[in-house]
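J.: A predicted structure for the sequence below; I have some questions about it.
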Amino acid sequence: MVPLSWYIILSAVMFSIGVFGFLARRNLIIVFMSVELMLNSVNISLVAFSHYLQSMRGQILVFFVITVAAAEAAIGLAILIAFYRNNPTIKVDEINLLKG
Amino acid sequence: MKYTLIPLLPLLSFIINILFGRNFIKDKAHWIAVPAVAGSFILAVSAFMDVLAGNVINLNIYNWIVSGDFQVSIGFLIDQLTAIMLIVVTSISTLIFIYSIGYMHGDGGYYRFFAYLSLFVFSMLMLVMANNFLLLYFGWEAVGLCSYFLIGFWFHKKSAADAGKKAFIVNRFGDFGFGLGVILVFLTFGSLDYAQVFGNAGSVVGQTINILGTDYDLITVICLLLFCGAVGKSAQMPLHVWLPDAMEGPTPVSALIHAATMVTAGVFMVARCNPLFNLSHTAMNTVAVVGGVTAIFAATIGLVQNDIKRVIAYSTVSQLGYMFLALGVGAYSAGIFHLYTHAYFKALLFLGSGSVIHALHDEQNMQKMGGLKKYMPVTYAVFIIATLSITGIPGLAGFFSKDEILYRAYLGGDTGKFLWLLGTAAALMTSFYSWRLIFMTFHGKFRGTHEQEHHLHESPKVITVPLMFLAVGAIFAGYAGIPPLLMEHGDRIGEFLSPVLGHPHGEGTHAEEMMVMASSVLVALAGWFIAHKMYVKNPELPRKVAEMFKPFYNLLFNKYYVDELYGKTIVQPVLKISDKVILGFFDAKIIEGIVNGVPNLIGAFSRKFRQVQTGLLSNYGLAMALGALAIIGYMIFMR
Amino acid sequence: METANIITLAGVRLIIPELTMVCMGLILLLLDLVVKKKGVIAAVGIAGALVALYGTFKLFGIGGPQTAFANMFVLDGYANFFKLIFYLNIILTVCISLKYMAIEKASFGEYYALLFFSTAGMMIMASAADLIILYLGLELMALSTYILAGLMRKQPRSNEAALKYFFLGAFSSAFLLYGISLTYGLTGTTNLKEIASALQALNISGSPTVFIGLIFLIVAFGFKIALVPFHMWAPDVYEGAPTSITAFMSVGPKAAGFAVLGRVLFDAFGSMQVQWNSILVPLAVITMAAGSILALAQSNIKRMLAYSSIAHAGYMLLGVIAGTPGGLTSTVNYLMIYMLMNIGAFAVIIMLRREGFQGENLEDYMGLAKGHPLASALMLIFMFSLTGIPPTAGFIGKFYVFMEAINSGYTHLAIIAVLFSVVSAFFYLRVVMYMYMKDPKEDVVLTTSCSMNLALAFTAVMVLVIGIFPSLLLDIVRVSILG
Amino acid sequence: MENIILNQLNYPVLTCTVFLPVAGALLLLFLRGDSLIRFTTLLVTLATFVISLPLLTDFDKTTYKMQFVEKHEWIPSWGINYFIGIDGISILFIFLTTLLSILCVLVSWKAIENKAKEFHIALLTLEAGMLGVFVALDFFLFYIFWEAMLIPMFLLIGVWGGPQRVYAAIKFFLYTLVGSVLMLVGIVVLYFTGGNTLDILALSALQYPLKLQFWLFLAFFAAFAVKVPMFPFHTWLPDAHTEAPTAGSVILAGVLLKMGAYGFLRFSIPMFPDATRLFVKPVFILSVIGIIYGALVCLAQKDLKRLIAYSSVSHMGFVTLGIFALNIQGVEGGILQMVNHGIITGALFLMIGIIYERTHTREIAAYGGFATLVPWYAGLFIILTFASIGLPGTNGFIGEFLILFGAFKAQKLYGVLAATGVILGAGYMLWLYQKIFWERPGPDYGPSGRHPVRDLGLREVVTLAPLIALIFWIGFYPEVFLGYMHSSVERLLQDFNLSAYAESQNLMAQLREIF
């Protein structure tokens, strides 16, 4: 069977990809997806752990994460739309009204 | 109480005059001042009588400063020395006060003048009556203060203002040493009280003090420090520069402060400390040499000056030199004796010149005088008397005291002989410039403007009467100390002072004494002869002589360029450094630079680093990620 | 057996305050449909908050830490005191919001509801004894604040603030989760106490994976309390968000962040103090430095206060670094005081806001003292309090923190801190300078309301009273945290 | 505690003295109308002065102990008490503060038009702060007053000051703050080493290891040296003095500068005797530099107020010199000189303020011949001039002489060097006097000039009279003030000499122990 370390590595890689996406991509939507990717990488590791530890807590947390992520998505997109109304762009590097 | 009143009366007069003079008393000021000082004269006489009766008064009034083991009181010591000084100070003051009524008549600051003068008398009396060093120092500084006020009395004249300031600051140089001396005295003797200090004087012989690694004889150091004060106050070299300028003050001031009393404070102080000085050969010699050199040095300058008061001023410096010479060779009584006689004839000279200046409406240049004798006979007469007296013509006051000094010097070993030569040479010059003064002023024909000539007149009684009184003094004051040679036990003043000042050591033969006496008389006559030749017989001669020794003449005429020297080496550099270097560079650039630099630097940082905050989401995320990474790296690295 | 007491009345009793707050949120939402006058809503809200406060006090009376829901939820003095801060925070915020939100044309009912939800989140965080609860509370707080930050829909700055806050917040919570998962994986539990014991039992305090988990947690909390370098959202969001929310945010989430930070570091990772201290010390230093220095160059007062709040986070951290219960106490104490003076300062800023006048630039404060001596006097008090000059509460806060830091041997840190507090003094003074030492450009009109005045009076008085009689506060803090 | 005497009066005299001004300030909040405010403030300051008089009369000069002590629990959890009392060292400053405050109100009567209310509130709070510093016997209390004082002073300078006021105010605030916060750290360290107490007397009774003493001394030195100010830390002073309104300058020169030196006496010397021994030389050097440096700068000054400000640097150099001479004469001289400087320089600033109101210039060159225009003014000024020069008969002499005596006793060389300051002092003060009052008056200020100057008015004379009186009183009978300090100073030095630790080892050994 697959050893735990693989899952961990997988989740680590996914998390890193997520981080990279968050930092590198210029499209807000994709940036947001990267965040989701990070969350899911965490979910993987959580599930893996909970399986290997034979404890439910991990999976419970996963459910919560998924739920929260959904809420987050809703709010995030709402904010994004509100933003888009006033200045129609989703390019990360065009959003620097506030700085310094 | 009686003794306390002596200084208190003048102080009272000062307070009243200064507070109410301006609005109420105005030109009635002398109605307060003269009685006050006269009163203290009477009290002084009675004090003198008490001392004569043989009881020395030493009373402490109250503790002035108490700090730990340091204790000093305000108290009076009236012994023979003080008694003499009291008489000199109060008597001359009284006369000069009266004189001033006429001389200062109509001056805007009439009340101020009498106020300051009274304050001076108070201070001077405190100085001579003090029974400890600190109170002496008090009087010392206070008379300096008054001299500052009175020199700068006509303060709207820049020269007067400068002179006043100069006098005070130059004196500060001396007092700097004096003050340290006082401190050292306490640290050595654990007291500042004359009685205790002089009592234990012997106990510290041989002790040394370590200054910057080298050991010096303690007593010598103390004496020299104290002597610094004397040098400043009595205008000895090298601090003599302030006295000639002090002539900016009204003439009565010059007479009272810068001839008769204040400038002799140094002499008084050294005489007062004779128990200390006696213990240090070095100090004594220093005093003697400084005195001798100053005597001749000032006399040479006096030869060529044209300002009538400056001539007398230099003569004063020179005479003070004599006094120190006397002190230096251990003839304290002689020194005090000369102080006492000098007070009269020098005051007389000043007041006389004052009367002249008054007559010529503040003309002081002798080149513009001449032939005054027919206009102001009284002044002329007293001038002659004073000059005879100062030049040491037998029978007048100056003769006795000066002769005593020269004789004592002569007996004082090799240095003594040398000093005697200096003294005699100085005597020659003294006689010369004194007569030169007379001839230029009173003989020949008048060289001033016509309207001056038109107003020429003898001064009023209120001026001439004090002159006459002083003239009497200038003649007879000397009979207090007739040399034994001429009269057994003639030296009454010496005897009188001996309890305080002891007897001068060294005895000479009659022959020697004769020789000294004769020589001094001889040079006096020689001085008259030369002066007469140059200024009466053929008035062209002076210029010729001046031409002949041009550089030397200029050197003398410019007072050896001492003022210029000080200006170049001390005054300017200090001012320049403090302006350009300290204030301009160090304070403004370095210190301020640091104080303002640090904040500016931080501000610059701030402006620079705020650009890190680009406002871009990804950069913010990057910062976080890098931060996390950095911490992880740091932790791994740590282990 | 475990399932038996998961939900008991005893347990429910402990979360009454949280429930109250949530219910209040819902009630306000409904109320908003029927009542148009926002004043009423606010009043009801405040009443609710007071009820919750009362509840907390009752529970406070029980004494001794209590746990519920399988030790996931703990109610101890620590939690209760934080809740006290949160109540005051929300009440004051509501007080200063009323007129302001109207001016901003963003006076929606949900504004108040969201304030309550967010506060409920904070309260849950404060009581969380389990990483799961912690996460939920944190998200509840965060999600509501995202919206609040962006509530001024019409204003680009507000939008951008919300956007940035949201994205970075999500980013950070991902870190949090990753940290949680690692910890969970290594210790096999999410309960803080059990984590501690597991670290002991398995003796893995040294393992790098645990570090990384811990570090990720610290990163996430650091984000909430705006530690450098996780602070970058703060200036932008503070500047863009509605001022009342800025006030709310500058205290609430920060306090909650500290609550969980303290809880996690002390309860769970107490055995790794050496390690997490060696992380926090440099963080504290750069936080104080960046906060104090960057604030110097700001011309927008909200932004300036944002940086100042970053700097203050640095000072507060000293207490945690001290690593003793006393240290934690000093931090909590500081938070309470900071809440008072900071909201006070923002209240004054809000007063300057009026139709067509932002009143956010320092220049707008020129010569304020001429026209409005009282307002400027209050601002003066708050500014000096933020600087930490006695006799204001700010000094007490700083003093206590430095005291604890020095007590645990961090004297050098204290010296750095005081020096930076001097630097920070400069920009606080600048506000005073503008108010008192410059001449007014145009006369400023202040928009006041009685609720606003109440809030100002309360904060100002408290700042002074605590400054002069610190015991009033200290005793409460110490009793609640040191027991 | 055996070394305190609980308040021997039947009412809390110190508390009243300290907090009456605060009450007054609060009262002012509710008053309208400038003249009413002025009168109230005057009354309050007068009342404070009167209340503080029993301190002088009922003070027991025979004991070194703290007197009029009040001690109440304040912050029990930190073991901090409301603990106040005075001894022979602090009592004089109470007197000085209460007196000068009255004069400050008087001198501001006409000078302050705008924001009069705020001004007087600031003035009163400032007075309270200063009084508090001198009575506090608990470090926490002390520090609170010490810092709280900065706020009103900052406002006084910044709001009612001259053209450069903002710069000066912020400089003053930050500069002093840097020093104070370092002291704060020191205080906290003391708190823990002293067994969780900030009771100054208790802390003074303890012995600390040399290393600790060394660093603590430095921490406190930072605060005190800036306040004094000692030589390299002085540049806030000229700006603050020059820009502050007259009242501000008077308070600054009169009281604020004294706090540094007071701190040395109250804390540094008794608590860190061994470190003090180490620092005597450096402090001496700095003091002497300060004396001469300040004087030289004065010689080059063009600005009236700046000149007096720099002269303060010089005079305070004397004070620190005396204090660190660590013998009775030096210390007593130092304390007395602080009072003197407060009186003289305070009065000088009053004078400058008075003349500034007439001429509106501080340019020395713009003056001249004023002795003829304003004779009474000139008369008072000359008194102050000679007092600050240290002429015998004025208070300046007593202080300076004792200090020089002490310094000479302790370290001959420095005594001599410091004495040169006396010469320079005469130099710049007389130069100043000549430039302002002597020679011919300029056209502007004459009776027919553009703005003719009038002589002192009654209010101004009343303002100055007490100071002038004190100058001579102390000058001729210093015991009135010295008497208070004898036993306290003796005790201070006794305790200091008891800690003979440092004597035993040579410098290198100590340094090795420190680093």
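T.: That came in fine, so what should we check first?

J.: the bottom helix or strand of chain B by mean pLDDT?
T.: helix B:450-455 (a mean of 78; mean pLDDT, DSSP states H and E).

J.: Quick one: residues in contact with that helix.
T.: Here helix B:450-455 makes contact (Cβ atoms under 8 Å, 6 or more residues apart in numbering or on different chains) with B:Ala359, B:Leu360, B:His361, B:Glu363, B:Lys368, B:Phe446. Just so you know, the C-beta spots here come from the backbone N, C-alpha and C atoms, and that holds for glycine as well.

J.: Among those, name the buried ones.
T.: The neighbour count (16 or more other Cβ atoms under 10 Å in any protein chain shown) marks B:Ala359, B:Leu360, B:Glu363, B:Phe446 as buried among these.

J.: if I pick the first one, what's in contact with it?
T.: If I follow you right, that is B:Ala359. With Cβ under 8 Å, 6+ apart, B:Ala359 has these contacts: B:Leu372, B:Tyr375, B:Met376, B:Thr379, B:His455, B:Leu456, B:His457, B:Glu458, B:Ser459.

J.: will you turn those residues into TSV that also has distance to A:Ile8, neighbour count and secondary structure?
T.: Converted to TSV, those look like this (distance: Cβ to Cβ, whole Å; neighbours: other Cβ atoms under 10 Å in any protein chain shown; DSSP: H, G, I helix; E, B strand; the rest coil):
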residue	distance to A:Ile8	neighbour count	secondary structure
B:Leu372	125	26	helix
B:Tyr375	128	18	coil
B:Met376	126	23	coil
B:Thr379	124	26	helix
B:His455	123	13	helix
B:Leu456	126	17	coil
B:His457	127	10	coil
B:Glu458	128	16	coil
B:Ser459	123	21	coil
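
J.: Closest one to chain C out of those, please.
T.: Closest approach to chain C among the contacts of B:Ala359 (Cβ to the nearest Cβ): B:His455, at 66.5 Å.

J.: so where do the helices sit in the stretch 1-150 of chain C?
T.: C:9-14, C:16-34, C:38-62, C:77-103, C:109-127, C:131-149 (DSSP state H, counting those that start in this stretch).

J.: Centroid-wise, who is the farthest residue in chain D?
T.: Farthest-out residue of chain D from its mean C-alpha position, per Cα atoms, centre = their mean: D:Ser448, at 41.0 Å.

J.: pLDDT at that one, what is it?
T.: pLDDT recorded at D:Ser448 is 73.

J.: and if you look at C:Gly326?
T.: For C:Gly326, the predicted pLDDT is 92.

J.: Remind me which helix or strand it belongs to.
T.: helix C:325-352 (DSSP states H and E).

J.: ok and that helix relative to helix C:77-103, angle-wise?
T.: Interaxial angle of helix C:325-352 relative to helix C:77-103 (axes from the mean of the first three to the mean of the last three Cα atoms, to 10 degrees): 10 degrees.

J.: Off-centre distance for helix C:325-352?
T.: 8 Å (Cα atoms, centre = their mean, to the nearest Å).

J.: now check it, is it near chain D?
T.: No: judged by Cβ under 8 Å from any Cβ of the partner chain, helix C:325-352 makes no contact with chain D; its nearest approach is 9.8 Å.

J.: cool, stretch B:589-600 as well?
T.: Yes: judged by Cβ under 8 Å from any Cβ, stretch B:589-600 and chain D are in contact via B:Ile591, B:Glu592, B:Val595, B:Pro599.

J.: swap in stretch B:160-167?
T.: Yes: contact between stretch B:160-167 and chain D is present through B:Ala161, B:Asp162, B:Gly164, B:Lys165 (criterion: Cβ under 8 Å from any Cβ).

J.: And these, which two are furthest apart?
T.: Spatially, the most separated pair among the residues of stretch B:160-167 next to chain D is B:Asp162 and B:Gly164, at 7.3 Å (Cβ to Cβ).

J.: still on that earlier bit, pick the one among the buried ones among the contacts of helix B:450-455 closest to chain D.
T.: B:Glu363 (22.1 Å).

J.: you'd agree that closest one is in a helix?
T.: No: with DSSP: H, G, I helix; E, B strand; the rest coil as the criterion, B:Glu363 is located in coil rather than a helix.

J.: so it touches B:Met369, yeah?
T.: Yes: contact criterion Cβ atoms under 8 Å: B:Glu363 and B:Met369 qualify, at 7.0 Å.

J.: now for the helix or strand where D:Phe134 lies, which elements pack on it?
T.: Here D:Phe134, judged by DSSP H and E, is contained in helix D:116-135. Applying 3 or more Cβ pairs under 8 Å, 6 or more residues apart in numbering or on different chains; DSSP states H and E, one finds that helix D:116-135 contacts helix D:13-29, helix D:34-58, strand D:80-86, helix D:91-111, helix D:139-148, helix D:150-160, helix D:246-251, helix D:257-263.

J.: So for chain C, the centremost residue is which one?
T.: C:Val251 (2.5 Å).

J.: Nearest to B:Val197 among the helices of the stretch 1-150 of chain C would be which one?
T.: That would be helix C:77-103 among the helices of the stretch 1-150 of chain C, by Cβ to Cβ, at 75.6 Å.

J.: Can you give me the buried ones in that closest one?
T.: So, applying 16+ other Cβ under 10 Å, buried residues of helix C:77-103: C:77-101, C:103.

J.: Relative to the whole chain's centre, how far out is that helix?
T.: That offset, for helix C:77-103, works out to 10 Å (Cα atoms, centre = their mean).

J.: What separation do you get for the closest residue to chain C within the stretch 201-350 of chain B and chain A?
T.: Using Cβ to the nearest Cβ, the closest approach of the stretch 201-350 of chain B to chain C is made by B:Leu212 at 40.8 Å. B:Leu212 sits 62 Å away from chain A, going by Cβ to the nearest Cβ, to the nearest Å.

J.: Tell me which residues touch that residue, please.
T.: B:Leu212 touches D:Leu413, counting by Cβ under 8 Å, 6+ apart.

J.: same deal with C:Ile91?
T.: By Cβ under 8 Å, 6+ apart, the contact set of C:Ile91 is C:Ile46, C:Ala49, C:Leu50.

J.: Check D:Leu99 too.
T.: D:Phe49, D:Pro466.

J.: again, but for the one 3 residues further on
T.: By Cβ under 8 Å, 6+ apart, the contact set of D:Ile102 is D:Leu42, D:Thr45, D:Leu46, D:Phe49.

J.: Single out the most deeply packed of the helices of the stretch 1-150 of chain C.
T.: Scoring the helices of the stretch 1-150 of chain C by mean neighbour count under mean count of other Cβ atoms under 10 Å in any protein chain shown gives helix C:109-127 as the most buried, with a mean of 27.

J.: so it versus helix C:38-62, what angle?
T.: Interaxial angle, helix C:109-127 versus helix C:38-62 (the same axes, to 10 degrees): 10 degrees.

J.: coming back round to it: check for me that the residue farthest from the centre of chain D belongs to a helix.
T.: No: D:Ser448: not assigned to a helix; according to three-state DSSP it is coil.

J.: Quick check on it: phi, psi?
T.: Dihedral angles of D:Ser448 (phi, psi; degrees, to the nearest 10) stand at phi -100, psi 10.

J.: how far away is it from chain A?
T.: According to Cβ to the nearest Cβ, D:Ser448 stands 61 Å off from chain A.

J.: Packing partners of the helix with the most length in chain C?
T.: In chain C, assigned by DSSP state H, the helix with the most residues is helix C:156-187. Counting contacts by 3+ Cβ pairs under 8 Å, 6+ apart, helix C:156-187 packs against helix A:4-24, helix A:28-53, helix A:57-86, helix B:617-638, helix C:131-149, helix C:192-202, helix C:208-224, helix C:233-240.
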